[in-house]
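Engineer: this one's sequence-less:
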Ligand SMILES: Cc1cc2nc3c(=O)[nH]c(=O)nc-3n(C[C@H](O)[C@H](O)[C@H](O)COP(=O)(O)O)c2cc1C
């Protein structure tokens, strides 16, 4: 299972690591891919898409790498199952609500609620691992 993420200060990367840990503990194989190493074909043979990006700009996805990547896969994701995650700080999660709506608008089936974690506090680790385990059970 491929987990593609962007992270500026490491919080979303930490979430990706923990989700992958959960996937692996659940018996499937997780591959963590920095979006800078991803291309638009990366999910072609995948049934499940796992994407992570923090709230950036003013409640938007990171605009230099992650936003263009989402744009590049937009015409290929219809009918796929998608899990979203990301870190935030001072907002209320608006970027994730918008991102979920967008992916649903592209025809994806969301398989989680969009896991958001303020910065990356250690007590939230379990939520990430649990998401990974849930993903491995699909
Ligand atoms: C340029 C910039 C813009 C940000 N914009 C938002 C925002 O709109 N809403 C929010 O809740 N947090 C915002 N943040 C906070 C980040 O989402 C937060 O620090 C997050 O943990 C960063 O994740 P990362 O370590 O994976 O890069 C912003 C941070 C930066 C550096």
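Structural biologist: Done, it's in. Owing to the predicted nature of the structure, the values given are computational and were not obtained by experimental measurement. Residues are numbered from 1 along each chain as shown.
Engineer: a strand runs through residue 33, doesn't it?
Structural biologist: Yes: in this structure, residue 33 lies within a strand as judged by DSSP: H, G, I helix; E, B strand; the rest coil.
Engineer: what's the neighbour count on it?
Structural biologist: Residue 33 has 15 neighbouring residues, counting by other Cβ atoms under 10 Å. Where C-beta positions appear, they are placed from N, C-alpha and C, glycine not excepted.
Engineer: I'd say it and residue 7 touch.
Structural biologist: No: checked against Cβ atoms under 8 Å, the pair residue 33 and residue 7 is beyond contact range at 11.9 Å.
Engineer: in terms of pLDDT, where does the closest residue to residue 7 other than its chain neighbours sit?
Structural biologist: Using Cβ to Cβ, 6 or more residues apart in numbering and skipping the chain neighbours, the partner closest in space to residue 7 is residue 13 (3.8 Å). We have a pLDDT of 96 for residue 13.
Engineer: isn't residue 13 up against residue 3?
Structural biologist: No: the pair residue 13 / residue 3 is not scored as a contact, 10.2 Å apart, by Cβ under 8 Å.
Engineer: who's more crowded, those two?
Structural biologist: residue 3 (23 against 19).
Engineer: which strand residues bridge the more buried one?
Structural biologist: residue 32, residue 50 (DSSP bridges).
Engineer: how much space between it and residue 41?
Structural biologist: 16 Å (Cβ to Cβ, to the nearest Å).
Engineer: could you do residue 47 as well?
Structural biologist: Using Cβ to Cβ, residue 47 is found at 15 Å from residue 41.
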